[in-house]
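1. Quick one: sequence and predicted model below, then my questions.
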Amino acid sequence: MAQDFAKKKGSTRKKAPARKKQPAQKSGGGFVSGLKWYGAGLLSGMFLSLLFYLGTLPPTGSTGPASTAEPTAGTDSQEPPKPRFDFYTMLPEQSMEEDLPAPEPAKPVTETTSPSEYYLLQAGSFRQREDADRRRAELLLLGLEPNVRESNGDNGRWFRVYLGPFDTRSKMSKARSLTAAQNIDTLVLKRSS
């Protein structure tokens with residue numbers, strides 16, 4: 001009883017009404033499902049970490065129940081050997097046999113300046129008197145003794161702030177280090193009387 005469905009022109013069968021698509025239902029709630037996945041991942045990670053730890057442990061040297069037996073009295077009496085410090089006796093016996101030349105006496109430090117030479121530090125050069133006085137006040141707070149000199153030239157009037165005069169280079173260096181600590185640039189001037 002084979003039927004040929006291709007030649008059938010009219011069908012007596014009714015079409016089923018179209019089904020309404022229903023929205024997909026969430027399975028188990030979003031938070032609970034995520035919590036389950038988090039717990040499963042955490043447990044599997046801990047298990048893999050345990051396996052890795054057990055794999056890195058050194059193999060035990062136990063061969064059986066004999067190794068778990070209590071140690072004999074002979075092994076208790078053996079203590080690790082005490083370290084020997086031979087250098088206490090070796091050092092006094094050693095001697096150096098190099099002939100070193102006698103050190104030359106140190107030369108006294110002399111200043112390179114003659115009494116007629118002195119040093120000045122120029123701490124700034126300003127067009128306005130107020131700026132020069134401000135720099136002078138900064139230097140006074142450092143415990144230095146600045147003075148302001150006015151000079152007229154081809155390029156106009158300038159107010160220069162000077163420190164000194166210093167008799168020795170070491171005094172000048174001390175004052176210069178104080179100004180450098182406050183980010184004040186200075187210019188060293190060597191003058192002769």
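-> Nice, thanks for sending it over. Numbering: from 1, shown residues only.
2. So which residues of this protein form helices?
-> Ranges of helices within the chain are 30-56, 73-77, 87-93, 129-141, 169-181, based on DSSP state H.
3. For these, please prepare TSV with the additional fields mean neighbour count, distance to residue 116 and mean pLDDT.
-> Quick note: C-beta positions are derived from backbone N, CA and C, even for glycine. Shown next, in TSV, are these (neighbours: other CB atoms under 10 Å; distance: least, CB to CB, whole Å; pLDDT from 0 to 100):
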stretch	mean neighbour count	distance to residue 116	mean pLDDT
helix 30-56	10	82	92
helix 73-77	7	89	57
helix 87-93	8	59	77
helix 129-141	15	26	95
helix 169-181	15	15	93
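4. out of those, which comes closest to residue 21?
-> helix 30-56 (21.7 Å; CB to CB).
5. Just give me how far that closest one sits from the chain centre.
-> Distance, stretch centre to chain centre, for helix 30-56: 37 Å (CA atoms, centre = their mean, to the nearest Å).
6. same question, stretch 50-62
-> Using CA atoms, centre = their mean, the offset of stretch 50-62 from its chain centre is 38 Å.
7. Which one of the helices of the chain lies nearest to residue 150?
-> Of all the helices of the chain, helix 129-141 comes closest under CB to CB, at 8.0 Å.
8. Could you name the helices and strands sitting against that closest one?
-> The contact analysis (3 or more CB pairs under 8 Å, 6 or more residues apart in numbering; DSSP states H and E) places helix 129-141 against strand 117-126, strand 146-153, strand 156-166.
9. Let's have those in CSV, adding mean pLDDT.
-> As requested, the helices and strands packed on helix 129-141 are exported to CSV (pLDDT from 0 to 100):
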stretch, mean pLDDT
strand 117-126, 93
strand 146-153, 93
strand 156-166, 93
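10. Of all those, which one is nearest residue 192?
-> strand 117-126 (4.9 Å).
11. What strands line up against that closest one, and which way round?
-> Partners of strand 117-126 in the sheet, by DSSP bridges, are strand 156-166 (antiparallel), strand 187-192 (antiparallel).
12. would JSON lines of the helices of the chain with distance to residue 187 be doable?
-> Formatted as JSON lines, the helices of the chain follow (distance: least, CB to CB, whole Å):
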{"stretch": "helix 30-56", "distance to residue 187": "68"}
{"stretch": "helix 73-77", "distance to residue 187": "83"}
{"stretch": "helix 87-93", "distance to residue 187": "57"}
{"stretch": "helix 129-141", "distance to residue 187": "13"}
{"stretch": "helix 169-181", "distance to residue 187": "10"}
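13. Looking at those helices, which is nearest to residue 160?
-> Relative to residue 160, the nearest member of these by CB to CB is helix 129-141, separated by 7.4 Å.
14. Can you give me the end-to-end span of stretch 19-38?
-> For stretch 19-38, the first-to-last residue distance is 38 Å (CA to CA, to the nearest Å).
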